[in-house]
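No letters, just coordinates:
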């Protein structure tokens, strides 16, 4: 998320909560990024958790099609 410095100042408490939940907030000044607000503890695991959630969401949206099974794809990959 990107937010201007003035808005960040007025929403700082909310931004801290969002950062604590793993969201990265980029603070801009005159359109240029000047700071990044991220959680201190667990930053790496939060990024991994977020990536896993994105993959899970993508998997739910994706289908193989009516005529393709996962076994067909597995066998094709083994050739």
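Everything's here; your move. Note that the structure is a prediction, hence the values are computed from the model and not measured. Numbering: from 1, shown residues only.

Tell me, how many residues neighbour residue 19?
Applying other CB atoms under 10 Å, we find 19 residues neighbouring residue 19. Heads up, the C-betas are built off the backbone N, CA and C, glycines and all.

Now do the worst-scoring helix or strand of the chain on mean pLDDT: distance to the chain's middle.
Least confident helix or strand, the chain: helix 43-61 with a mean of 80, by mean pLDDT, DSSP states H and E. Computed by CA atoms, centre = their mean, to the nearest Å, the separation of helix 43-61 from the middle of its chain amounts to 7 Å.

check contacts around residue 19.
25, 37-39 (CB atoms under 8 Å, 6 or more residues apart in numbering).

Buried ones among those?
When neighbours are counted using 16 or more other CB atoms under 10 Å, those contain these buried positions: 25, 37, 39.

now the helices for this protein?
Using DSSP state H, the helices of the chain run over 5-10, 12-20, 43-61, 70-78.
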